[in-house]
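Here's my sequence, what's the structure:
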Amino acid sequence: MKILSTILIFSTILFANDELFKILEYGDFSKAKQMISEIRNEDTKNFYTAVYYMYNGNYSVAEEYISKISSNTKFSEQEIYFINYIQFLSQTFSSGYKKFENEHFEVYLKDRDIILADIILKVLEQIYKFYGQKFGYYPEKKVRVEVYNTKKEFSIASTLGEENVGKAGVVGICKFNRIMILSPECLPFGYRWCDTLAHEYTHFILNRITEFKYPLYLHEGTARYYDTLYRSTTPLCFVIGNLNLLLEAKKKNEIIPFEKMKGSLVYLDSQQQVELAFAELSTFVEYLINNFGEEKFIEFVKNYKNYDEEELYKKIFGVEFKNIISEWYKSIDKKEEVVKNYPGAMADFKLTSAEDEKSLVGLDMWQYIELGDKFFQNKNYNVAIYQYKKAQKEQPYNPVVMTRIAKCYILQNKYDEAEKILLECSFANPNYVTTYELLVKLFYEKGEYEKAMKYYEEVLQINPFNWEIHKIVAQMLSDLGKVKDAMKRYEIVLILNPTDNDTKTKYENLKRYLEYKQQF
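Residues are numbered from 1 along each chain as shown. Predicted structure coming up:
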């Protein structure tokens, strides 16, 4: 497809009508429509009308306007890019994507991603209410959310390209008046996709509140600081492993200057650099809120479009920007008290293949893990634990090691030992899905269904494509007499694993039971 040759240049594009694109980006569609109506050249008007409909999510109509443009018209490279991009969107969303909607959102899912429909709509409503109350802004129209079920489609739709998406670990973007995320199924361990929705929605409303004037360092810092607060009373973004990156960078004088983040974090050198940047920017926002109050910070955000940056820092916080930066930099050292107690905790990297798990432990440790895995496969759990604990001496809170030890304990019915290590692991590594999957299995085996369901919710927010976990939950719901809920989970299992005959039998038995009950 021609678009592939032009898609990667978007980040450097300056359009002939740059002001119109900014207006569309912060959602003033009536003003954009007025500007387009004043364009005299018919082909140029058709082009910008197509862009207008693209921003509105009406890709087929956008493509119709593209088709009206004379073949003799000469366009710039940038305009050709958009023509191809609109055609890509129109073709992509006519190939199996289904719309699911509620009062405030319309979500587009395809194939196996339809299992996300109920949870994504529920979570988006939580997000809408929380951030609306927090920032005092509610979008007038439904917000469009697109979940791409292949890395290739996402890399094109996001305009970032496959190389940048893979290198930086990008899983979401807010652009063109919509939120785009990568399906969690595209990563072997998933990722906190619900928090990513919250993160991108924060970008969405910040664009509107500040009329697209909020700088990237504040955009990313604000979005990261707030992206877990819809589900927690305190920010959960300060992952121990990421704070360790921040502390190490300060010790080595390798803190990334905010000026280097003006373009986009995706163009930093690696995932490690991206996570370091997020740690810097979120702790900067934390510093502002802790020292001047959240009310002042929200006031700062709302006034950003009307003031020069340096002037606004002095007006709202009463301190010059350079002095705030200096004090924030000093405050980083306080994070040492948290980090020092959890050696080996993992930074929040996105693993693109199962083999990447090795990168979380290092070669010295991996030799013990690999040997332990061989004993585990032969059901020699005591010797497997012995090998895993050799690795654990190097990094006591490494989740790869901790979850392997816990798995052995569960199979030995040593449930208390397994629970202890898994709860420690979940605190030190809150985004590592294997921990929660094992907690579901552990509490199912113990018959503590309420606790199992609690950790099932965590699994859903990271990797909802593990059919075995859905099957366990279906069995628990069936045991509790919640037949309809059990059947829904079995339906998910059959979408993810259609050849599971045991599930087919259980589903049909419950179906017949309901039919029998309805007779009376």
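
Helices of the stretch 151-300 of the chain, start to end?
Using DSSP state H, counting those that start in this stretch, the helices of the stretch 151-300 of the chain run over 151-157, 162-168, 193-209, 216-226, 240-251, 271-292, 294-303.

Would you mind giving those as TSV with distance to residue 186, mean pLDDT and mean neighbour count added?
C-beta here means a position set from N, CA and C on the backbone, and glycine is covered the same way. Formatted as TSV, the helices of the stretch 151-300 of the chain follow (distance: least, C-beta to C-beta, whole Å; pLDDT from 0 to 100; neighbours: other C-beta atoms under 10 Å):
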stretch	distance to residue 186	mean pLDDT	mean neighbour count
helix 151-157	5	95	20
helix 162-168	10	86	17
helix 193-209	10	97	23
helix 216-226	21	96	23
helix 240-251	22	95	20
helix 271-292	15	96	21
helix 294-303	33	97	16
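
can you list those in CSV and add distance to residue 383?
Below are the helices of the stretch 151-300 of the chain laid out as CSV (distance: least, C-beta to C-beta, whole Å):
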stretch, distance to residue 383
helix 151-157, 39
helix 162-168, 37
helix 193-209, 38
helix 216-226, 43
helix 240-251, 29
helix 271-292, 34
helix 294-303, 53
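
Provide the secondary structure category for residue 57.
Secondary structure state of residue 57, per DSSP: H, G, I helix; E, B strand; the rest coil, is coil.

Torsion angles phi and psi at it?
When quoted as degrees, to the nearest 10, the phi and psi of residue 57 stand at phi 80, psi 10.

And for residue 145?
The phi and psi values for residue 145, taken as degrees, to the nearest 10, are phi -130, psi 130.

re the thing from before, so which of the helices of the stretch 151-300 of the chain comes closest to residue 497?
helix 193-209 (20.8 Å; C-beta to C-beta).

Do I have it right that residue 20 meets residue 36?
Yes - using C-beta atoms under 8 Å, residue 20 is in contact with residue 36, at 7.4 Å.

Would you mind listing the residues touching both of these two?
Common contact partners of residue 20 and residue 36 (C-beta atoms under 8 Å, 6 or more residues apart in numbering): residue 48.

give me the element the residue nearest to residue 426 when sequence neighbours are not counted is part of.
Once flanking residues are discounted, residue 426 sits nearest to residue 435: 4.9 Å by C-beta to C-beta, 6 or more residues apart in numbering. For residue 435, the element it lies in under DSSP states H and E is helix 433-446.

Export that helix to PDB, keeping only CA atoms.
What follows is helix 433-446, C-alpha atoms only, in PDB (Å, rounded to 0.1, in the frame of the first residue of the first chain):
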ATOM      1  CA  VAL A 433       0.400 -10.100  34.900                       C
ATOM      2  CA  THR A 434       1.700 -13.600  35.800                       C
ATOM      3  CA  THR A 435       1.500 -12.600  39.500                       C
ATOM      4  CA  TYR A 436      -2.200 -12.000  39.300                       C
ATOM      5  CA  GLU A 437      -2.900 -15.100  37.200                       C
ATOM      6  CA  LEU A 438      -1.200 -17.200  39.800                       C
ATOM      7  CA  LEU A 439      -3.200 -15.500  42.600                       C
ATOM      8  CA  VAL A 440      -6.400 -16.400  40.800                       C
ATOM      9  CA  LYS A 441      -5.300 -20.000  40.600                       C
ATOM     10  CA  LEU A 442      -4.100 -20.000  44.200                       C
ATOM     11  CA  PHE A 443      -7.400 -18.700  45.700                       C
ATOM     12  CA  TYR A 444      -9.400 -20.900  43.400                       C
ATOM     13  CA  GLU A 445      -7.600 -23.900  44.800                       C
ATOM     14  CA  LYS A 446      -8.100 -22.700  48.300                       C
END
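
Give the buried residues for that helix.
Residues of helix 433-446 classed as buried: 433-444, 446 (neighbour count, 16 or more other C-beta atoms under 10 Å).

same check, this time on stretch 227-241
The neighbour-count check on stretch 227-241 (16+ other C-beta under 10 Å) flags 227, 228, 229, 230, 231, 235, 237, 238, 239, 240, 241 as buried.

which of these lies closest to residue 177?
residue 227 (19.9 Å).

Assess the claim that that closest one and residue 238 are in contact.
No - at 11.7 Å, residue 227 and residue 238 do not qualify as touching, with contact defined as C-beta under 8 Å.

Good, we can wrap up now.
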